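Asks: here's my sequence, what's the structure:
(one chain, ligands or ions: 1)
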Amino acid sequence: MAHKVKIAARLRPRIGMEPEDDGMHVVNGEDGQSCVAVVNPRDANSVFRFPFSSCYGQASTQDEIFDNDVRPLVDVAFNGVTVTIFAYGVTSSGKTHTMQGTKEEPGVIPRVVQAVVNHKATFPPGEVSLAASYYEIYCDEVYDLFVNRETAPKLPVRENGAGQVFVANLSSMPIDSFADFDALFSRANKQRSVGATNLNRASSRSHAILTMEISIKEDDKILTGKINLVDLAGSENNKLTGNDATRMAESAAINKSLSVLGQVVHALNQGASRIPYRNSKLTRILQDALGGSSVGLLICNLAPGAKFRQDTLNTLNFAVRTKNVENKPVVNERETAPPPKRHFAAIPAPAPKLAPAAFPTMPEIVAGPSRQAVAGPSKARSRVPRPSMAFGGRPSLAVPGLHAPHAKGSLSKASALLTLTEEEIDERIAKAVEAEVARRLAAAEQARREAEEERSVEADLSRTEEEVSGFTSGSTSTLVEERPIPSGLLTPLLKKHKDLDDELRQRLQDLEKKFEHSSKELQLADVLSPVSKKKTGRAYVALARAHSEKGDLQVALDMYRKAETYVPDNQKLKERILEIEWAVNSGKEYQPSPKKAKKQKAKKRSKPARQLQLPETAGQDENEDPNIGELEEDASRTSPVKRPATDLGYGVPPAQTPFKKQKTVLPTIGEDVASDSEVMPPPERKGVKTLFANVRRIISA
Ligand SMILES: Nc1ncnc2c1ncn2[C@@H]1O[C@H](COP(=O)(O)OP(=O)(O)OP(=O)(O)O)[C@@H](O)[C@H]1O
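Replies: All right, here's what the predicted structure looks like:
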C-alpha cells in the first residue's frame, strides 16, 4: 500500500539580535487545517500559503512535535518497518535544534531513543535487541561517527541483493539503555563536522544520520525495524555565510547534495523512469525514504527574517513537492529456522523477500498495522559489532515521562496468518527447480544453435574470401554468375553474430551489395552517375574496338552491346552495333570507319596518358562520329588499363588511368566512385593492375 511522505513545518523563534519580522507566520485554522503564510518578497501585498498537515509556530515545543508526529512512527518501526525522519531547511533554521535539541529541550533523536528503550521494556527479556549506528556525509564521503575521526576511513555505500542501500563496514553499537546511547551519542557528536559561519556559530558542515535498529524475535522469525534520524546540513547562501575557502568547498558539497535531493523529488513527482539517486551519497542513502519502502517524515525548518525569505520559499517549495512522493512500506521479516533442504545443491536459495506492508494512516498505526510476509531464508547482515565504549560526554538527554503505550500482541497475531507450511515451501522449491532446469536446458540449446551459426558464418566468410581472391587474380571471371550469393544471405547472419567487429561487418555488407548486383549491368547502369556511365561505356567501346581490329567481331559486338547499356542514347554506337551485327550475320568483313581527328583540348588532356597508349590504338579512326568518336578517343587514352569489371566479379569496368588515384577504379552500386574506393581492400586494387595487364595483352595480341 502506498504511503505518502508526511511533512511537518516548523518556524523557529527569532534568536539573538535578529530583527522583528512578521513576513512569515503559521496559520492554524479552526477546521484543523494549517499552513505557513509567507509574504511575497517582491510584492508585500501578496501572500503565499503552504498547507501542511502539521505546522508549528515560533512558540512550539519539542514535546509537541514529538508527540504529534514522531511518536507514532516508533510504533511503526516496532512492526518491522523502516522509518526515516529528516530535518530540512536553510542554514540556522533550527534543524539540529529540532533533531538533537539541548539538555533542557531534548530533540527528536534522544526522545526517539528514549521511547524505543521504553518500548523494549514491555517485551519479555531477550526478545528485543537494539543497536545504533551513526555516521555523517561530509563532502560526499561517508564517515563513521562512532570511530575516531582521525582514523575513520571513508565508507562505501553499497546495495544488497534485495536492492537495499547500506553503508558498508559501519559500526553498529548494541544499546541496552538510554545511558548507553547518551554516552555514545555525546562522544560521537564531538566528532561531527561543525564550523562557525556568519549565520550559525555551530553550523553543521555535514549531513548526520543516526539509525536505531530494533530486532524482535517472534517464534521462528525476526522482525527488523529501523528508525533513521537525519539532520541535514542546511543549504547555504555564501553571500550571507561569509564562508572562507574551506567553508566554500563544504558549502558546495552541501548545496550540490541538496540540489540532487531536489532533483530526486522532482523526478519522483514527474514519474520519471530514471531517478537520480546515484548522483550523490545523500540521495543514495535516502533512497529508501524517497520513493522506497520506508515511511517518511520531513520536518521542514524555517527561519524568520527577510534575509531568509527567498531560501524559506525554496524550502517550502521543496516540501510541497516532497509531500507528493509515495513510498511502499514493507515489513522486514526473516526466518530464524533452518531453511528447508534443497533439492539440488547447485541451485541457489531464493533471495529473501520483503513483504509489502498493509500500511494504515498515521492514527491507525498506533493501533498496530496488520501485515503480510513471505517466508524465505534470509541473509545474515554483515556488521562490525563493537563493544560499548565508556565515553565521557555531555549531560544526559534522558527524557522523563516517555513510555511505550503499545503491547506486542498484534504482531504475533498478524504474523501467524502468514506462516507457510512445510509442504507449501517444498512445493514452491520444486516449482523453482523445474523452472531452473527448463531455463538451463533452453540456454544450452540456444548456445548450441549459436555455435552452429557461427561455424556457418565462418564457412561463408572463408568461401567469400576465396572468391574474392579468385576474382582479383582474374582466374574465376564467371564465378559470380555461376554461384551468386542470394540477396540478403549475409545480413541475418551478420545480425546474429554481433561479436563480428564493425570493420569486418562493414566489409561483408559491401561485398554483399556487390554480389547482389554483380551480373546485373542494367541495374548498375541505373545507379551510376552520368559521368561514371560514360566512362564505363568508353571502356567497353575501347575493348570492342580492340577486338574488332583483331577480327574477333562476335566479342566486339558483345562489348559494344555492353557499352550501349551505359550510353543507350548514343546513336552512332547503335549504328556501329547494327553494322557489326550485319557483318557477323552475313559473314562479311567489317571495316571500321576511320577515327575522327582529336580536339586540341583533348590532346592536352591526354598527354600524360599517351605515354601508356599502345601504338595500335593510338591515332585510329580519326574520322569517326563525334559522339562515339569521343567515347573512343577517351577510351583509347585509358584502354591500356581497362577491363570490364564483370571479369573481377563486380560487373563494373574501371575507367581511370593507372596513375590516377585508385579511388575511382571500382565504382559500386549506389555509391559514388570515390566513396566506394575507400572501402575496397588492397587485393582488389592489385586485381585492377592484373586487369590492365590483361587488356594490354589482348590488344597487343
Ligand atoms: N525552536 C527553537 N527554539 C529556540 N532556539 C532555536 C530553535 N531553533 C533553532 N534555535 C537556535 O537557532 C540557532 C540555529 O539553530 P540550528 O543550529 O539548529 O540550525 P541548523 O538549521 O541546524 O543550522 P545549520 O544548517 O547551519 O547546521 C541555534 O542557536 C539554535 O539553538
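Asks: which bits of this structure sit near the ligand?
Replies: Within reach of the ligand by Cβ under 6 Å from any ligand atom, the chain has these residues: 12-13, 15, 89, 91-97, 200, 202-204, 233-234, 301. Just so you know, the C-beta spots here come from the backbone N, C-alpha and C atoms, and that holds for glycine as well.
Asks: give me the spatial nearest neighbour of whichever residue of the stretch 251-400 of the chain sits closest to the ligand, chain neighbours excluded.
Replies: Nearest residue of the stretch 251-400 of the chain to the ligand, counting by Cβ to the nearest ligand atom: N301, 5.6 Å away. Computed as Cβ to Cβ, 6 or more residues apart in numbering, the closest residue to N301 that is not its neighbour in sequence is G89, at 3.3 Å.
Asks: am I right that that neighbour is in a helix?
Replies: No: counting by DSSP: H, G, I helix; E, B strand; the rest coil, G89 falls outside a helix, being strand.
Asks: from what I can see it touches L298, true?
Replies: No: using Cβ atoms under 8 Å, G89 is not in contact with L298; the gap is 10.0 Å.
Asks: who has more neighbours, those two?
Replies: Between G89 and L298, counted using other Cβ atoms under 10 Å, G89 has the larger neighbour count: 28 against 25.
Asks: for the more buried one, give me its contacts.
Replies: Counting by Cβ atoms under 8 Å, 6 or more residues apart in numbering, G89 touches 95, 232, 234-235, 300-303, 315.
Asks: for E18, same thing?
Replies: 304-305.
Asks: am I right that it is in a strand?
Replies: No: going by three-state DSSP, the assignment for E18 is coil, not a strand.
Asks: quick check: the residue of the stretch 51-200 of the chain nearest the ligand.
Replies: G94 (2.8 Å).
Asks: sorry, back to before: strands - which of the residues of the chain next to the ligand land there?
Replies: Members of the residues of the chain next to the ligand lying in strands (criterion: DSSP state E): 89, 203-204, 301.
Asks: can you put the residues you listed in TSV and add pLDDT?
Replies: Formatted as TSV, those follow (pLDDT from 0 to 100):
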residue	pLDDT
G89	92
S203	72
S204	74
N301	95
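Asks: so which of the residues you listed wins on neighbours?
Replies: G89 (28 neighbours).
Asks: returning to that earlier point: the residue of the stretch 51-200 of the chain closest to the ligand: how many residues sit nearby?
Replies: 22.
Asks: and what of N189?
Replies: Counted with other Cβ under 10 Å, N189 comes out at 18.
Asks: what's the spacing between it and V90?
Replies: N189 sits at a distance of 22 Å from V90 (criterion: Cβ to Cβ, to the nearest Å).
Asks: again with Y540
Replies: 85 Å.
Asks: what does S257 give?
Replies: Taken as Cβ to Cβ, the span from S257 to V90 is 15 Å.
Asks: shaky segments in the stretch 451-600 of the chain?
Replies: 453-527, 592-600 (pLDDT under 70).
Asks: how about the stretch 301-450 of the chain?
Replies: Using pLDDT under 70, the stretch 301-450 of the chain drops low at 337-427, 429-431, 433-434, 436-437.
Asks: one more time with 80, if that's ok
Replies: 336-450 (pLDDT under 80).
Asks: P304 contacts V26, doesn't it?
Replies: No: counting by Cβ under 8 Å, P304 does not reach V26; the two are 10.6 Å apart.
Asks: check which residues of stretch 53-66 are buried.
Replies: By 16 or more other Cβ atoms under 10 Å, the buried positions in stretch 53-66 come out as 53-57, 60, 62, 65-66.
Asks: what's the spacing between F50 and K323?
Replies: For F50 relative to K323 (Cβ to Cβ), the value is 10 Å.
Asks: neighbour count: these two, which is higher?
Replies: Ranked by neighbour count (other Cβ under 10 Å), F50 and K323 place F50 first, with 23 against 20.
Asks: give me the beta-bridge partners of that one?
Replies: V36 (DSSP bridges).
Asks: which residue ranges make up the domains of this structure?
Replies: 3-335, 517-587 (the TED database).
Asks: which one of those domains lies nearest to A447?
Replies: domain 3-335 (26.3 Å; Cβ to Cβ).
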